[in-house]
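Visitor: Model the following, please.
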Amino acid sequence: MAAWTRECSRKFAWTGMASSNGPRVRGLHQGAGQDMGHDMGHDMGQSERVQGIVGSRMRPLHHPAWPHVRAGLIALHVLSLVVLSLPNAGAIHEPSRWKTANARADLRSMAQRLSAWGWSTDEHELARTLWSAGDAYLQVQRPLAAPFEIYAELSGSRQGWSMFASPQRHPAELHVDLELDGQWQPLYRPRDDAHAWHRDQFEHNRFRKFLGRFARGFHRKHYDEAAAWVAAQALHEHPEATRVRVRLHRYATLPPEQVRAGQQPSDGRYEHERVFE
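Guide: Numbering: from 1, shown residues only. Here you go, the predicted model:
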């Protein structure tokens, strides 16, 4: 029993537990402090040794060839991004892309310019010529991109969006109207402070991108669902309206000098009109 008591006193002396035997307790405190100092020194020495081992393993690589290897890896990564950003078969030989109003307008404009320069052609002949040129281009692009496709798949650095896309010169904007007392009244027009219903929502970058896709490639199901949702919101907030009309307004963008002069597009036409009651 006495031995067990002495052992407990030694182990718990650092807690400041009192004892009726004052001098003995002070001796135990001193002994405990020495033991703790020894243990702390031992632990600190072990920690330094571990840090030394880890540090030696994590030191930068100082091999003379490493700068050249690193430069080669960076060059490979940059080159892969450039090669994979070039137009592929999906961008060049997708039939739906050639049928959009934007593509047809570009072909007409290019054909007119070439004819003015002395090369007589029209948009249909020019389209056939460019399609054949696309075949020749893809015969080079496909084998060139093949090894980089493997690298992109392994590294997760695939280019996920089309680069060098044709600018949208014939956009289609969403117009919303209410029928009040038998007359159609505008409810929403882009960039129109007088008709700014739900502007923050319609002109949000996500929603604007969603609507912009209808100008390049019209998806009837997506458009019908969006138009029905817009009409339901308008009828709910304006119960006095008898009907809601949702349309796409397509127009030709102006040249830079006319935009800088403050002009607005004057021509245009409405497409894909939907009326809801």
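
Visitor: Give the bridge partners for residue 173, please.
Guide: For residue 173, the beta-bridge partners are residue 249 (DSSP bridges).

Visitor: quick one, what contacts it?
Guide: If a contact means Cβ atoms under 8 Å, 6 or more residues apart in numbering, then residue 173 has 189, 190, 211, 248, 249, 250, 251 as its contacts. Backbone N, C-alpha and C define where each C-beta goes, glycine included.

Visitor: any low-confidence regions in the stretch 101-250 of the chain?
Guide: Residue ranges of the stretch 101-250 of the chain with pLDDT under 70: 101, 159-166.

Visitor: okay, now the closest residue to residue 250 other than its chain neighbours: neighbour count?
Guide: Distances taken as Cβ to Cβ, 6 or more residues apart in numbering place residue 172 nearest to residue 250, at 4.5 Å, with adjacent residues excluded. Using other Cβ atoms under 10 Å, residue 172 is surrounded by 26 other residues.

Visitor: wait, which of the contacts of residue 173 is closest to residue 218?
Guide: Nearest to residue 218 among these: residue 248, at 8.6 Å, using Cβ to Cβ.

Visitor: Residue 180 versus the closest residue to the closest one other than its chain neighbours, what's the distance?
Guide: Leaving aside its chain neighbours, residue 248 sits nearest to residue 172 (4.2 Å; criterion: Cβ to Cβ, 6+ apart). Relative to residue 180, residue 172 is positioned 25 Å away (Cβ to Cβ, to the nearest Å).

Visitor: Confirm residue 184 sits in a strand?
Guide: Yes: checked against DSSP: H, G, I helix; E, B strand; the rest coil, residue 184 lies within a strand.

Visitor: so who does residue 243 touch?
Guide: Taking Cβ under 8 Å, 6+ apart, one finds 178, 179, 275, 276, 277 in contact with residue 243.

Visitor: Among the contacts of residue 173, which one sits closest to residue 145?
Guide: residue 211 (32.2 Å).

Visitor: quick one, strands of the chain?
Guide: 172-180, 183-188, 243-250, 269-276 (DSSP state E).

Visitor: now those as TSV including distance to residue 127?
Guide: Listed next are the strands of the chain as TSV, based on distance: least, Cβ to Cβ, whole Å:
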stretch	distance to residue 127
strand 172-180	22
strand 183-188	36
strand 243-250	21
strand 269-276	22
